[in-house]
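J.: what's the 3D shape of this:
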Amino acid sequence: MTAAEGAIAAKDRPGYRAARRRETASAYLLLIPSFIGVGIFLVVPVLLVVVLSLFRWNLISPPTFVGLEHYAALASDSKLANSIWVTFTFVLMAIPASIILGLLLAVAINRGLPGTGWLRVIYVLPWVCAPLTLGVVWRWIFDPSNGALNTLLGRRIEWMSDPNLALPAVAFVSVWSSVGYVSLFFLAGLQQIPSSVYEAAKLDGAGPVRTLWSITMPLLMPTTFFVTVTSVISSFQVFDLVYGLTGSATGYPAGSTDVIAARIYQDAFVSHHIGSASAMAFCLFVVLVVVTLIQQRWFSGRITYDMT
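T.: Numbering: from 1, shown residues only. Next up, the predicted model:
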């Protein structure tokens, strides 16, 4: 009897299906707490936002049903269009830089040089700090009169007052704060690659650059996929860092930092247009789902989990 025939015969035994049903039931029982958490903290809020987007409500007077009126208004909202453009620009500035720098930093740490353990802690410290706090600290550093950066450079630069410099400055702080987080994941991926792969490449005459491009990066695709998806989602939702750096949620200066999360905050808690803010939040949710699916589709044919 072959192995395949033996497996089929085992499945035909009377107690096999009952045991499988018990295992499946036990697995679902263990997943119930996670299902409850996802339902309460993810599904219910999304459904609530969808419902609120169909009403006109200012948190005081009774809500009025308006259907899809808010969505129709968003289609011709120039401020929202600017927020979308600013957000996409910020993502394009921050994500590639943080991923590239995080990968290079992980490669350097993976060499096991003296003091790398302490360097890991130092690199991760900005990521574990509250973004609002980091924004306030860097706002002082960027201060045109008494800031540490201008003092170091010996010249006055309006980092957060110049519309051409404000968003790049925010992106720089975002990269600085997230590069340690990215490097830790890449470091974990690097340590899963067998050393025999690099030894074989060395015997074939591959140099450091060729090894990084042809071996390290393809084998790190699962890590790159995870880091890219989570970083993009986080960047699309950036608000507290911008608020701490600019001291405003109005896109100061001249709308150059008016990211979509700040626009949602303005509508909801300053203008008290809860329905309009909910509609924007749901549109942002849909955009994130679409962007994530596009990334998943792009990475799906390039990811390998076989490290042998």
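
J.: secondary structure element for Pro144?
T.: Taking DSSP states H and E as the definition, Pro144 sits outside all helices and strands.

J.: now Tyr243
T.: helix 240-246.

J.: can you give the contact residues for that helix?
T.: Residues from elsewhere that reach helix 240-246, judged by C-beta atoms under 8 Å, 6 or more residues apart in numbering: 130-136, 138-139, 142, 160, 166, 169-170, 173-174, 177, 249, 252-253, 257, 259, 261-262. For every residue, glycine as well, the C-beta is placed using N, CA and C.

J.: tell me which of these fall in helices.
T.: Among these, the members falling in helices (DSSP state H) are 131-136, 138-139, 166, 169-170, 173-174, 177, 261-262.

J.: nearest spatial neighbour of Trp140, skipping sequence neighbours?
T.: Excluding its sequence neighbours, the residue lying closest to Trp140 (C-beta to C-beta, 6 or more residues apart in numbering) is Gly147, at 6.3 Å.

J.: would you map the helices across the stretch 1-150 of the chain?
T.: Here the stretch 1-150 of the chain has its helices, by DSSP state H, counting those that start in this stretch, at 3-11, 14-38, 44-52, 69-74, 78-109, 116-128, 131-141, 148-153.

J.: between helix 116-128 and the fifth one, find me the angle.
T.: Read it as helix 78-109. Counting by axes from the mean of the first three to the mean of the last three C-alpha atoms, to 10 degrees, helix 78-109 lies at 170 degrees to helix 116-128.

J.: confidence score at Pro33?
T.: Per-residue confidence (pLDDT) for Pro33: 90.

J.: what is the burial count for it?
T.: 9 (other C-beta atoms under 10 Å).

J.: that one and Ile40: what is the separation?
T.: 11 Å (C-beta to C-beta, to the nearest Å).

J.: ditto for Gln266
T.: Relative to Ile40, and taking C-beta to C-beta, Gln266 is found at 28 Å.

J.: more neighbours: which of those two?
T.: Counted by other C-beta under 10 Å, Gln266 and Ile40 do not tie: Gln266 has more neighbours, with 20 against 10.

J.: how much space separates the more buried one from Tyr243?
T.: Note on Gln266: its distance to Tyr243, by C-beta to C-beta, is 11 Å.

J.: overlap of the contact sets of these two?
T.: Each of Ala249 lies in contact with both Gln266 and Tyr243 under the rule C-beta under 8 Å, 6+ apart.

J.: follow-up on the earlier one: identify the farthest-apart pair in the ones in helices among the contacts of helix 240-246.
T.: Thr133 and Ala166 (19.4 Å; C-beta to C-beta).

J.: so these two - more neighbours on which side?
T.: Neighbour count, other C-beta under 10 Å: between Thr133 and Ala166, Ala166 has more, with 24 against 12.

J.: what about the nearest residue to Phe285 once chain neighbours are set aside, neighbour count?
T.: Of all residues not flanking Phe285 in the chain, Val46 sits nearest, at 6.5 Å (C-beta to C-beta, 6+ apart). Neighbour count of Val46, defined by other C-beta under 10 Å: 12.

J.: before we move on, what about the one 10 residues further on?
T.: Counted with other C-beta under 10 Å, the burial measure for Arg56 works out to 17 neighbours.

J.: pLDDT at it, what is it?
T.: At Arg56, pLDDT is 94.

J.: wait, it sits on Val66?
T.: Yes - at 5.0 Å, Arg56 counts as touching Val66 under the criterion of C-beta atoms under 8 Å.
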